[in-house]
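S.K.: I would like the atomic coordinates for the input below:
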Amino acid sequence: MTRSVRRFRAVVVLPAAFLVTLFGELLASCSSGPTPNARRMRPGPAATFDSSSIRHTVLLIGDAGAVRRDDAVLIALRRMADEAPPTTLVVFLGDNLYEAGLPSGDGPDIEQRRDVLRAQLWAAGSARALFVAGNHDWNEYRNVRNAWSEGREAVVRQAAFIARQSAGRALFLPAAGCAGPAEFPFGTARDALRVIAIDSQWWLTALELPPPSADGAVRDSGCTANTTAEASRELERMIAAAPERPTIVVAHHPLASNGNHGHPILGWPFNAQDIPNRRNARFRTALASALDSNRVVLYASGHDHDLELFSGPGARFTLVSGAGSEAKVGRFKGRRGSPLARETGPGFARIDVLHGGRIALRLVSIRDGRAQMRACVWIAPEELGGQSCDLRP
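M.R.: Numbers count the residues shown, from 1 in each chain. You can find the predicted model right below:
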């Protein structure tokens, strides 16, 4: 007796709307916004970096929302902040609290989250500090209907706690869950560095979701800019207001990255947090067009949990510094855009403004519990831009 065997193939039928959306996102990802310039770091003979001529220091650390006070990265940050507190600014580049920002009310869990913010304030020492919002600070909106109200309320709560806890020494900008831009008062001299903050999660939310009003604006916000177009124009105006001063713009989301959000494996067609996503590309295009590479020497961000420096886009240089939490360090998934320098593992970036107008950027990597300077690149003046620094103690 012959036994016949039938083989069956499982067939998965996907909804047409899903396939249309996926195909559209795949097409969009082929030209997903601005890309970095293909400039390599130029070795010396470059100008010597003389630490005795430092005028101002800016320490840039992102995604520190899972730290403890005894983390080596915070200890290293505190030591550098204590070198010259009156002329130092510490910038926390968003995702200051995982996973969903600062909830309302009280309790052990909420107090633990407040301890994370306290640890970051401790790391700034007596230097000034600036906090910007990331997507997790916006309550990582899961409920689309409440994205604006619940997300902004979480941001406002965090800002109020930081102001109280620091007695005004630290600022959360832009205020009130607004798009920005907002300038941090870091100096008044004609050639002093300018630091401008924007809330990139606001921009992404405005591009992704219909704001709660019929005319496409958030008119009850109390903000100076209520649409992405208004925010872009205001940023252009603010940058152009002081053409003689070098400017850095700080936010959470990067314009370029080779980390997890730059090269996601799954989910990016439907996740605006990922660079290949169409809405993310619209955000990056709008922001890059508002930046002025002649005046904006650096756009600094976090989001991906590593350290990476690019030439362009938009600004003269763009930085990813999102390695603030030792428990969440990431890995590079590609090498798109010819980065000038990059490091994995916990760490942060340091900018030093020297007398005479030179500006150097260094990547600080934590290895075996100790801080190591892994790269030094001149980002200003333009004729030195991209050259490696010749370090002198």
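S.K.: excluding sequence neighbours, find me the nearest residue to T88.
M.R.: Leaving aside its chain neighbours, T88 sits nearest to A127 (4.0 Å; criterion: C-beta to C-beta, 6 or more residues apart in numbering). For the C-beta atoms, the positions are set from N, CA and C on the backbone; glycine is no exception.
S.K.: and that neighbour, how close does it get to E382?
M.R.: As judged by C-beta to C-beta, to the nearest Å, A127 and E382 stand 28 Å apart.
S.K.: repeat for G324
M.R.: As judged by C-beta to C-beta, G324 and E382 stand 30 Å apart.
S.K.: what does I54 give?
M.R.: Applying C-beta to C-beta, the value for I54 to E382 is 21 Å.
S.K.: the more surrounded of those two?
M.R.: Shown here are I54 and E382; by other C-beta atoms under 10 Å, I54 has more neighbours (17 against 12).
S.K.: wait, that one sits on D352?
M.R.: Yes: counting by C-beta atoms under 8 Å, D352 is a contact partner of I54 at 4.9 Å.
S.K.: you'd agree G386 is up against W378?
M.R.: Yes: using C-beta under 8 Å, G386 makes contact with W378 at a distance of 7.1 Å.
S.K.: poorly predicted segments of this protein, please.
M.R.: Within the chain, the segments meeting pLDDT under 70 span 1-32, 37-47, 141-147, 207-221, 265-268, 332-337, 391-393.
S.K.: now the helices for it?
M.R.: For the chain, the helices defined by DSSP state H cover 16-29, 72-81, 108-123, 147-166, 200-208, 228-240, 278-290.
S.K.: pick the most deeply packed of those helices.
M.R.: helix 200-208 (a mean of 24; mean count of other C-beta atoms under 10 Å).
S.K.: sorry, back to before: can you redo the helices of the chain as JSON lines with distance to G345?
M.R.: Converted to JSON lines, the helices of the chain look like this (distance: least, C-beta to C-beta, whole Å):
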{"stretch": "helix 16-29", "distance to G345": "29"}
{"stretch": "helix 72-81", "distance to G345": "9"}
{"stretch": "helix 108-123", "distance to G345": "17"}
{"stretch": "helix 147-166", "distance to G345": "27"}
{"stretch": "helix 200-208", "distance to G345": "24"}
{"stretch": "helix 228-240", "distance to G345": "33"}
{"stretch": "helix 278-290", "distance to G345": "26"}
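S.K.: looking at these, which is closest to A100?
M.R.: helix 147-166 (7.3 Å; C-beta to C-beta).
S.K.: show me what contacts V195?
M.R.: Shown in contact with V195 (C-beta atoms under 8 Å, 6 or more residues apart in numbering): V58, L89, V91, L130, E183, F184, F186, T247, I248, V250.
S.K.: burial check on the nearest residue to it once chain neighbours are set aside, number of neighbours?
M.R.: Nearest non-adjacent residue to V195, counting by C-beta to C-beta, 6+ apart: F184, 4.3 Å away. Using other C-beta under 10 Å, F184 is surrounded by 21 other residues.
S.K.: for F184, give its distance to D95.
M.R.: Distance, F184 to D95, by C-beta to C-beta: 19 Å.
S.K.: how close does the closest residue to T247 other than its chain neighbours get to Q112?
M.R.: The spatially closest residue to T247, leaving aside those adjacent along the chain, is R194, at 4.3 Å (C-beta to C-beta, 6+ apart). To Q112, R194 is 36 Å away according to C-beta to C-beta.
S.K.: next one: T228
M.R.: Counting by C-beta to C-beta, the gap between T228 and Q112 amounts to 35 Å.
S.K.: next one: A81
M.R.: Per C-beta to C-beta, A81 is found 24 Å from Q112.
S.K.: L384 too?
M.R.: Separation of L384 from Q112 (C-beta to C-beta): 45 Å.
S.K.: same question for A315.
M.R.: Separation of A315 from Q112 (C-beta to C-beta): 36 Å.
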